[in-house]
Every structure is written in C-alpha cells, then in structure tokens.
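Student: When you get a sec, could you give me coordinates for this:
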Amino acid sequence: MSHITGLTLGGITWTPEFVTRINQDDCIGCGRCYKVCPRDVLDLVDKVTDEDDDDDDGGDAQVMTLKNANDCIGCGACNRVCPKKCYSYAPSAAVA
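Tutor: Numbers count the residues shown, from 1 in each chain. Below is the predicted model of the structure:
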C-alpha cells in the first residue's frame, strides 16, 4: 500500500503523518494544541470520569478530543507543543 507523499521545497520526498488518536489519560487539557492547530481538528471537552470514583478532582477537568480528524493536514504542530506528548500519528493511504 502506498502512502500520500509530497515534496519539500528542496525537492525531498516527505510522507505526512496525520493525527489518529489523543491519549486522554495523559492529556491535561492545557489547550496549547488547540491554539496552534491551523485547521478545525481539535475540541476541548469535559473529561469522562468513572461515576463510582469518590475522589473529587475538581469536577471541571477537560481534555482534548478529535473534532474533525479528516481536516488534519499532517503538520504535527499539536504534538510539538503538547507537554505530555499525547498524540499518535500515522501516514494515510494514497487514493487511487
């Protein structure tokens, strides 16, 4: 299977990797990735917690989620600013 590829300005072949997953267990909801994303890919949502959990963690914890992963352009800016490195990426298959 071939992947989508492009060329850098210098003519070097480059294979972009697109966001596939955000590890919400590690995400601290800081919003840095949201601010640098050039597309409408991410959204900050309330963290889903176990209802049986008796610990009070503020009740207003938030995490990042993929709002529209199909808009990802593979720039990787989100992971470069993420202090917890919560992002997973993969190349996309080329459309024939």
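Student: Which stretches in this structure count as strands?
Tutor: Assigned by DSSP state E, the strands in the chain fall at 6-7, 13-14, 17-22, 42-46, 62-66, 87-91.
Student: Quick one: closest of those to C75.
Tutor: The closest of the strands of the chain to C75 is strand 17-22. By Cβ to Cβ, the value is 9.6 Å. Every C-beta, even on glycine, is put in place using the N, C-alpha and C of the backbone.
Student: Using PDB, write out every CA atom in that closest one.
Tutor: The C-alpha trace of strand 17-22 is given here as PDB (Å, rounded to 0.1, in the frame of the first residue of the first chain):
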ATOM      1  CA  GLU A  17       1.600  11.600   9.200                       C
ATOM      2  CA  PHE A  18      -1.900  12.600  10.400                       C
ATOM      3  CA  VAL A  19      -3.300  12.600  13.900                       C
ATOM      4  CA  THR A  20      -5.200   9.300  14.700                       C
ATOM      5  CA  ARG A  21      -5.600   9.400  18.400                       C
ATOM      6  CA  ILE A  22      -5.200  11.600  21.600                       C
END
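Student: about what we covered before: looking at the strands of the chain, which is closest to G31?
Tutor: strand 42-46 (6.0 Å).
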